[in-house]
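# A structural model of the following input is requested.
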Amino acid sequence: MTIAKAPFNYIGNKYRIISDIQSFFPQSVDTMVDLFCGGCDVTINTPAKRIYANDINFFVIGICKEFQDHSTDEILDYIDVMIERWHLSKDNKAGYEDFRRYYNETRKPLDLYILMCYSFNYQFRFNTAHEYNNPFGKNRSCFNDTMRRNLVEFKKRIDNVTFSSQDFTEFDFSVLHEGDFVYADPPYLISCGSYNDGKRGFKGWTQQDDERLFVLLDTLSERGIFFALSNVLEHKGRRNEKLAEWAAENQYTVHAINFSYDNCNYHANNKRNVTKEILITNY
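Numbering: from 1, shown residues only. The predicted model follows:
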């Protein structure tokens, strides 16, 4: 399967290391759950008969469902019409801000996708009232040809995906049976990801959330369900001791993932700033 890029620039996405982490995935997967699917890069690049993609960010899930519910031509035609209607471009800040106000009144998922395409760093950012508040991406962001191609390919790959937006503990794991597979890529407790700070319209990630996830994965493992957990063991002088202890106590396998956090001031020659991304598996 050729690696495809999802049509989002989701913080924490695994596109650049998808081949590395998938080299440790089970070779044959019947049903797979991408429990913290984010921008769905792992979702669309994992060969499985049935895929469940879940994320607490219901805005992104809503966009994915809209992509499923309409044809590729309908989606692209709508995007092109709205870009022209609101005069969206790399340098029209006023047009972007007008369209942002329009979206915050109507809350249409496809409008949110278009808005994201012209925003700073293509990010999904909301205030506590769940109003989109990311600033304009002047001279940088737009719905370009690459994003158009990514959207077309994404659309081709989501026919067998069931999308949901729930807290990870509320997902219905009865759909899984022995030999099925769960991939978990939660917010990292000790890393610099702004998506886990609680300031983007969703609650932050805490030590208690880590521990709830550990219990859940243990329970799945007892049922004979395979899992792979992406996380960071060390970052900028900090170490997730609870994560290390949990993996060791349960004799789970810890795989090193070679990845540099350039956007977090990562410097390989500075031991205090070494980041160790890992993948923990129960097989």
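# what's the neighbour count on A248?
Here the number of neighbours of A248 (other Cβ atoms under 10 Å) works out to 10. Just so you know, the C-beta spots here come from the backbone N, C-alpha and C atoms, and that holds for glycine as well.
# go on, D172?
11.
# can you give me the strands for the stretch 151-283 of the chain?
Under the criterion DSSP state E, counting those that start in this stretch, strands of the stretch 151-283 of the chain are mapped to 161-164, 181-184, 226-235, 238-239, 253-257, 276-281.
# so which of these comes closest to R107?
strand 161-164 (17.5 Å; Cβ to Cβ).
# in the sheet, which strands lie alongside the closest one, parallel or antiparallel?
Here strand 161-164 has these sheet partners by DSSP bridges: strand 50-54 (parallel).
# and the helix or strand just after the partner strand, what does it pack onto?
Note on strand 50-54: by DSSP states H and E, the next helix or strand toward the C-terminus is helix 58-69. Packing contacts for helix 58-69, counted by 3 or more Cβ pairs under 8 Å, 6 or more residues apart in numbering; DSSP states H and E, involve strand 50-54, helix 109-117, helix 145-156, strand 161-164.
# starting at the chain centroid, how far to helix 58-69?
Here helix 58-69 is found 13 Å from its chain centre; the criterion is Cα atoms, centre = their mean, to the nearest Å.
# may I have it as CSV, with CA atoms only?
C-alpha atoms of helix 58-69 as CSV (Å, rounded to 0.1, in the frame of the first residue of the first chain):
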residue,chain,number,x,y,z
PHE,A,58,-15.7,16.1,17.1
PHE,A,59,-14.9,18.9,14.7
VAL,A,60,-12.4,16.8,12.7
ILE,A,61,-14.6,13.7,12.9
GLY,A,62,-17.5,15.8,11.5
ILE,A,63,-15.4,16.8,8.5
CYS,A,64,-14.4,13.2,7.9
LYS,A,65,-18.1,12.1,8.0
GLU,A,66,-18.9,14.9,5.5
PHE,A,67,-16.2,13.5,3.2
GLN,A,68,-17.8,10.1,3.5
ASP,A,69,-21.4,11.4,2.8
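# could you list the low-pLDDT ranges of the stretch 151-283 of the chain?
For the stretch 151-283 of the chain, applying pLDDT under 70 flags the ranges 192-202, 259-273.
# for this protein, what spans make up the helices?
For the chain, the helices defined by DSSP state H occupy 18-22, 58-69, 72-85, 93-106, 109-117, 145-156, 207-222, 241-249.
# same for the fifth one, what does it pack against?
Contacts defined by 3+ Cβ pairs under 8 Å, 6+ apart place helix 109-117 against helix 58-69, helix 72-85, helix 93-106.
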